[in-house]
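> attaching a predicted model along with its sequence, questions to come.
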Amino acid sequence: MVFWSVPVFAKKPRPRPSGAHTIRCMTPSTGGLALEIVVPVFNEEAVLESSITRLTEYLTHEMPSTWKITIADNASTDKTPVIAARLSEHLPNVEYRRLNVKGRGYALRDAWGASEAKVLAYLDVDLSTDLAALPPLVAPLLSGHSDISIGTRLGQNSRVSRGPKREFISRSYNFLLRRTMQVGFSDAQCGFKAIRADVAQRLLPHVEDNGWFFDTELLIIAERSGLRIHEIPVDWVDDPDSSVDIRKTALDDLRGMVRVGGSLVKGSIPVQAIYAELGRRPIVPPSRPSFFGQVIRFGLVGAVSTLAFALLYMVLQGPFGAQEANFLSLLLTAVGNTAANRRFTFGISGPEKLFTQQVQGLLVFMLAWGITSSSLLVLHSVNLDATASMELLTLTAANVVATLMRFVLLRIWVFRVRQKDERSAVLALRPVGQSVR
């Protein structure tokens with residue numbers, strides 16, 4: 001029979017951050033603190049005591065690492081402060097912090113910034129996520145395998161119970177996030193996340209949002225910086241009494257996506273510097289395909305894109321008209337075409353220059369659209385009664401010309417790799433002191 005011991009903490013003064021006060025600060029007497037779980041709360045008097053008690057009991061019996069719970073109160077106006085203070089006095093390893101400003105992001109930023117733990121986590125106070133997912137959430141971070149760990153309600157093995165409205169909104173939001181921001185994580189909003197403390201220290205200064213978009217912004221910056229995000233499927237039961245304003249939150253999230261996307265394009269978020277410091281580089285230096293290989297790969301991508309364009313045009317031509325259908329079809333296929341050529345044709349991966357290349361790819365798309373649009377104008381000036389089949393044939397021929405132009409511009413401009421950049425990439429992957437011949 002195996003028993004997990006509860007870590008013993010001694011009281012130790014800690015500097016108080018501006019705007020916050022702390023009740024009962026604790027640090028481990030030996031070995032250091034492995035995990036700190038922050039529970040942000042705002043007017044949660046109904047569930048706070050039962051949730052924190054349940055969480056404490058679970059950690060006491062199931063968590064082998066040293067741990068601490070921090071109740072992060074952001075400007076509650078009900079009995080939450082009184083209940084939280086009492087819990088911090090009577091339950092082992094529970095701390096209470098209070099901010100006089102509202103916002104989950106503020107609460108997490110304050111608590112994480114003052115933490116001495118190696119891994120920082122946060123849970124929603126309603127404990128909608130089954131706590132059995134907590135050990136596998138933090139294990140990859142404690143081992144150093146991953147940088148951030150998140151629970152996902154959209155995984156194949158996740159089990160979720162919630163109403164159709166929330167399910168639709170959640171899936172729509174995450175779909176839009178993946179398509180517009182080109183991220184790989186599946187669920188940005190699940191209140192069940194953890195991050196290594198050194199990673200949080202590097203990323204938090206670049207996260208502007210202090211509300212519900214806080215952790216989504218953190219994840220976008222992390223992935224763009226080449227950090228490893230580990231996902232685990234969770235069992236999740238919706239809280240019917242949740243006070244979250246879904247409409248306002250959705251609008252704030254959309255505004256946040258536009259802001260972060262603009263910051264990445266402008267380069268105001270130093271993702272390349274973070275990638276150089278913390279990012280997970282390829283195990284072997286990336287090899288750029290030969291010119292012949294690029295031609296073959298570009299042709300394959302172009303063939304698939306042309307087929308997709310033709311299918312989209314036939315679908316959109318009826319309701320939108322020839323010019324509008326041509327623009328929408330080109331726009332949709334151009335997004336996938338540029339991404340495929342970046343990785344498959346020219347062998348480029350990682351966040352470096354990603355958004356710059358996306359903007360350049362958009363300019364190439366506009367040139368291609370100009371070629372195909374001009375072909376339609378020429379066709380209609382010659383034959384006013386041109387059928388849809390004739391339009392499609394003309395556009396396909398124009399697409400061939402546009403495709404050749406795209407290859408040239410992508411190779412010599414958008415995805416051009418200078419010799420000194422290739423040498424720098426190889427040097428970055430080699431052990432210190434080993435020369436490149």
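Ah, there it is.

> can we go C-alpha only for contacts and neighbour counts from here?
Noted.

> quick check: which ranges of the stretch 1-150 of the chain have low pLDDT?
Under the criterion pLDDT under 70, the flagged ranges of the stretch 1-150 of the chain are 1-31.

> those strands in it, which residues are they?
In the stretch 1-150 of the chain, the segments counted as strands under DSSP state E, counting those that start in this stretch are 9-11, 20-23, 26-28, 35-41, 67-74, 94-99, 119-123, 148-152.

> can you list these in a markdown table and add distance to L311 and mean neighbour count?
Below are these laid out as a markdown table (distance: least, C-alpha to C-alpha, whole Å; neighbours: other C-alpha atoms under 10 Å):
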| stretch | distance to L311 | mean neighbour count |
| --- | --- | --- |
| strand 9-11 | 65 | 14 |
| strand 20-23 | 59 | 16 |
| strand 26-28 | 63 | 20 |
| strand 35-41 | 49 | 25 |
| strand 67-74 | 52 | 26 |
| strand 94-99 | 55 | 24 |
| strand 119-123 | 45 | 24 |
| strand 148-152 | 34 | 27 |
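
> show me where this structure has its helices.
Using DSSP state H, the helices of the chain run over 48-62, 80-90, 104-114, 134-142, 164-181, 197-203, 214-224, 246-266, 271-278, 291-320, 322-340, 354-382, 388-409, 419-429.

> give me the average confidence score over the last one.
The one in question is helix 419-429. For helix 419-429, mean pLDDT rounds to 48.

> so for the residue nearest to G279 when sequence neighbours are not counted, what's the pLDDT?
With C-alpha to C-alpha, 6 or more residues apart in numbering as the criterion, G279 has its nearest non-adjacent residue at 4.4 Å, and that residue is G226. Turning to G226, the model gives it a pLDDT of 90.

> do the one 4 residues further on as well
H230 is assigned a predicted lDDT (pLDDT) of 97.

> now it: how far from L393?
From H230 across to L393, the span is 47 Å (C-alpha to C-alpha, to the nearest Å).

> for these two, indicate the residue with more neighbours.
H230 (21 against 13; other C-alpha atoms under 10 Å).

> look up the residues forming beta bridges with the spatially closest residue to the more buried one that is not a sequence neighbour.
Of all residues not flanking H230 in the chain, S149 sits nearest, at 4.5 Å (C-alpha to C-alpha, 6+ apart). Beta bridges link S149 to A194, H230 when assigned by DSSP bridges.

> show me what contacts S149?
137-138, 140-141, 193-195, 229-232 (C-alpha atoms under 8 Å, 6 or more residues apart in numbering).

> kindly report the same for N74.
40-42, 98-104, 106-107.

> quick check: it vs L59, distance?
Counting by C-alpha to C-alpha, the gap from N74 to L59 is 24 Å.

> close enough to count as contact, P81 and I71?
No. Counting by C-alpha atoms under 8 Å, P81 stays clear of I71, with 9.5 Å between them.

> got any residues that touch both of those two?
Between them, P81 and I71 share no contacting residue, judged by C-alpha under 8 Å, 6+ apart.

> for burial, what's the neighbour tally of I412?
10.

> how close does it sit to R162?
Separation of I412 from R162 (C-alpha to C-alpha) stands at 51 Å.

> what of R281?
For R281, the distance to R162 equals 39 Å [C-alpha to C-alpha].

> between those two, which has more neighbouring residues?
The residue with more neighbours, out of R281 and R162, is R281; 17 against 12, by other C-alpha under 10 Å.

> quick one: terminal-to-terminal distance for stretch 66-80?
26 Å.

> chain center to that stretch: distance?
Centroid separation for stretch 66-80 versus its chain: 26 Å, with C-alpha atoms, centre = their mean, to the nearest Å.

> cool, stretch 146-155 as well?
Remark: stretch 146-155 is offset 10 Å from the chain centroid, using C-alpha atoms, centre = their mean.

> now do the end-to-end distance for it.
Stretch 146-155 has its terminal residues 19 Å apart, counting by C-alpha to C-alpha.

> what about the closest residue in space to A75 that isn't next to it in sequence, neighbour count?
Closest residue to A75 apart from its sequence neighbours, by C-alpha to C-alpha, 6+ apart: N100 at 4.6 Å. Counted by other C-alpha under 10 Å, the residues lying close to N100 total 15.

> wait, N100 touches P81, no?
No. N100 is beyond contact range of P81, at 11.3 Å (criterion: C-alpha under 8 Å).

> and the helices of the chain: which comes nearest A188?
Ranking these by proximity to A188 (C-alpha to C-alpha) places helix 214-224 first, at 5.3 Å.

> got the angle for that closest one vs helix 104-114?
Here the directions of helix 214-224 and helix 104-114 differ by 60 degrees (axes from the mean of the first three to the mean of the last three C-alpha atoms, to 10 degrees).

> can you give me how far helix 214-224 is from the chain middle?
That offset, for helix 214-224, works out to 4 Å (C-alpha atoms, centre = their mean).

> ditto for stretch 126-133
21 Å.

> got it, and stretch 227-240?
Relative to its chain's centre, stretch 227-240 lies at 14 Å (C-alpha atoms, centre = their mean).

> go through that stretch and flag the buried ones.
227-238 (16 or more other C-alpha atoms under 10 Å).

> any chance you could list what contacts it?
Counting by C-alpha under 8 Å, 6+ apart, 126, 128-130, 133, 136-137, 140, 146-163, 185, 222-223, 275, 278-280 sit against stretch 227-240.

> narrow these to just the buried residues.
Buried among the contacts of stretch 227-240 (16+ other C-alpha under 10 Å): 126, 128-129, 137, 140, 146-154, 159-160, 185, 222-223, 275, 278-279.

> so V119 sits against V199, correct?
No. Counting by C-alpha under 8 Å, V119 stays clear of V199, with 9.5 Å between them.

> how many residues are close by the closest residue in space to G113 that isn't next to it in sequence?
With C-alpha to C-alpha, 6+ apart as the measure, Q201 is the residue that lies nearest to G113, at 7.3 Å, once sequence neighbours are left out. Counted by other C-alpha under 10 Å, the residues lying close to Q201 total 14.

> and L311, by the same measure?
12.

> now swap in S381 and tell me
Number of residues near S381 (other C-alpha under 10 Å) recorded here: 11.

> for it, give its distance to Q201.
From S381 over to Q201 (counting by C-alpha to C-alpha), the distance is 62 Å.

> which residue packs closest to A200, ignoring adjacent ones?
Take A200 and drop its neighbours on the chain: the residue closest to it by C-alpha to C-alpha, 6+ apart is W112, 7.8 Å away.

> before we move on, what about K193?
Using C-alpha to C-alpha, 6+ apart, the closest residue to K193 is I150 (4.4 Å).
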